[in-house]
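>>> give the three-dimensional model of this entry:
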Amino acid sequence: MADPAIQPDPKLAELAHLVSEIRERVRLRHTGSTGGPIDLPLPDLTPLLQARDAAQAKVAAIGSVNPRPGGPLNSLIQAVKRNVARGLNWFVRDQVDFNREVLRALDATLDALDEANRTIARLAAVSGERIGTYSNRIDAALEISSDIQAHWKAWRPEWEHKLVVNEALFTRAASELQHAFQHRVTLAEENFRGQIAAQHRDYLAALEHATTDIQKRLWDDLARIRAEYESLIHHELRLVRQRGLAAPAPAPSAAPVGYDSPEIDWLKFAEKFRGSPEYVRNSQLQYVDRFRNASAEVLDIGCGRGEFLGLLREAGIPARGVEASAELVALCREQGLQAEQADLFAYLDAQPDHSLGGVFCAQVVEHLHASDALRLVKLAAAKLKPGGAFIAETPNPECLAIFATHFYIDPTHTRPLPPPLLAFYFEEAGFGRIEILRLAPASESMPALRDLPTSVREAFFGSLDYACLGVKL
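Numbering: from 1, shown residues only. Take a look at the predicted model:
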């Protein structure tokens, strides 16, 4: 029992009342449960509030100086601390602002949590009012659930049986699909392996074919190079052998009629500008048939290296040649051909009349003067038997390209004979069945002529050579 002599302090009573009101307000603001028909525990925000208050106190204390007892030393220390605090104010300003913003965010979080608690409380109150309504519905649902449960007990065995059957069917189907898939994978793998093996065989075959082709081409190139090399050696050795075998030409009693021969290597000249013996043989092969029925020997005037004499010998036609060059005569004799060194006019004049079965001269008449060319044709006509053929091959002056390329290369050429003039000489000498064969088209050796119009090319750039053929009447 309280002492009646001790009276309570009115200020303390008023303070206690204020504290109780504050607590009630805080409790209402930060309630711990919803209350009502549905009592749900709500989150307790008191620890968070206390932590917020402690943080606010710390934020407020930043930059302040702790009090110290009086005295000069403590006053001096306090002054130093205050100066240091003021000096560090720029350094901690951002931190203070950050702390305040954090506290502001914390206050906002507390407000949001309080509002969430109040909302939950209101929902609990509303839900309590509707519990009765929902209870009836729940009872009805429980009745339906009981009915479903009863039916489910009847349906379950059949459903489980169907489940087992379906599971068996599914397992069987899955097994069949797996077997089918495995079979297709096996077939695909076998097909792939077969394709790889076929590609490998094709690759090996192609590689072997390419290797064989390369080897063949290599051996062909080696054979060609060897042939060219041997041909070059043979050509050089032949020239050396020909010069060694050829006897020095005796000084002629008189210069050959028609042209003067400069002192040059005529064998090398013929090889370079006339062509190889094989080339000349191929071009003169067309004349052999003209002498197959010759009734006596055929005379090759200016037989040179003996290409036409060799063709006649191979055809079984008796023939001999006459040549002004002792070196070329020695070359012909080395091949087993019959040839003599003499001036062609002196040699022809010494032959009996009507003693020759044919006369052939290639690239000769262009070396003679005009009168000597006619003299040669008349001498040939006099020495031929009736029916004997005379063939004269010479450059064709109708082709303008001959003057830009071939004619003036030979320094012993005097003047070309146009085909009508040589044919006229043949008529004058008593030849019949005269023919003009135009040879060696200029466009074959000079492809640039193909760009000319056909009429111009045929009129002025036809054949480089021609042959005049006649038969002794």
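>>> CA only for contacts and neighbour counts going forward, please
Noted.
>>> so which bits of stretch 336-344 are buried?
Neighbour counts over stretch 336-344 (16 or more other Cα atoms under 10 Å) mark 337-344 as buried.
>>> looking at the residues you listed, spot the one nearest residue 212.
Distance to residue 212 across the buried residues of stretch 336-344 (Cα to Cα) is lowest for residue 337, with 45.8 Å.
>>> is it correct that the closest one is in contact with residue 314?
No. Contact between residue 337 and residue 314 fails when scored by Cα atoms under 8 Å: they sit 11.2 Å apart.
>>> before we move on, the earlier item: can you tell me which of the buried residues of stretch 336-344 are in strands?
Those of the buried residues of stretch 336-344 mapping onto strands are 339-341, per DSSP state E.
>>> by mean pLDDT, point me to the weakest helix or strand of the chain.
The weakest-scoring helix or strand in the chain, judged by mean pLDDT, DSSP states H and E, is helix 266-269 (a mean of 65).
>>> could you point out which element follows that helix?
The helix or strand immediately downstream of helix 266-269 is helix 277-284, counting by DSSP states H and E.
>>> mind giving me the packing neighbours of that following helix?
Packing partners of helix 277-284 (3 or more Cα pairs under 8 Å, 6 or more residues apart in numbering; DSSP states H and E): helix 307-314.
>>> now do the helix or strand just after the helix it packs on: which elements does it pack against?
Using DSSP H and E, the next helix or strand after helix 307-314 towards the C-terminus is strand 319-323. Secondary-structure packing of strand 319-323 (3+ Cα pairs under 8 Å, 6+ apart): strand 298-301, helix 307-314, strand 339-341, helix 344-350.
>>> who touches strand 319-323?
By Cα atoms under 8 Å, 6 or more residues apart in numbering, the list of residues contacting strand 319-323 from outside reads 297-304, 306, 309, 312-313, 329, 337-344, 347.
>>> for it, which strands pair with it and how are they oriented?
Using DSSP bridges, strand 319-323 pairs in its sheet with strand 298-301 (parallel), strand 339-341 (parallel).
>>> quick one: closest of the ones you listed to residue 386.
strand 298-301 (13.4 Å).
>>> what distance separates the closest one from the centre of its chain?
How far strand 298-301 lies from its chain's middle: 62 Å, per Cα atoms, centre = their mean, to the nearest Å.
>>> output it in CSV with nothing but the alpha carbons.
The C-alpha trace of strand 298-301 is given here as CSV (Å, rounded to 0.1, in the frame of the first residue of the first chain):
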residue,chain,number,x,y,z
VAL,A,298,64.4,-37.2,-165.6
LEU,A,299,66.8,-34.2,-165.2
ASP,A,300,66.6,-32.1,-162.1
ILE,A,301,68.1,-28.7,-163.0
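>>> give me the contact list for that strand.
Here strand 298-301 makes contact (Cα under 8 Å, 6+ apart) with 291, 308-309, 317-323, 344, 356-362, 364.
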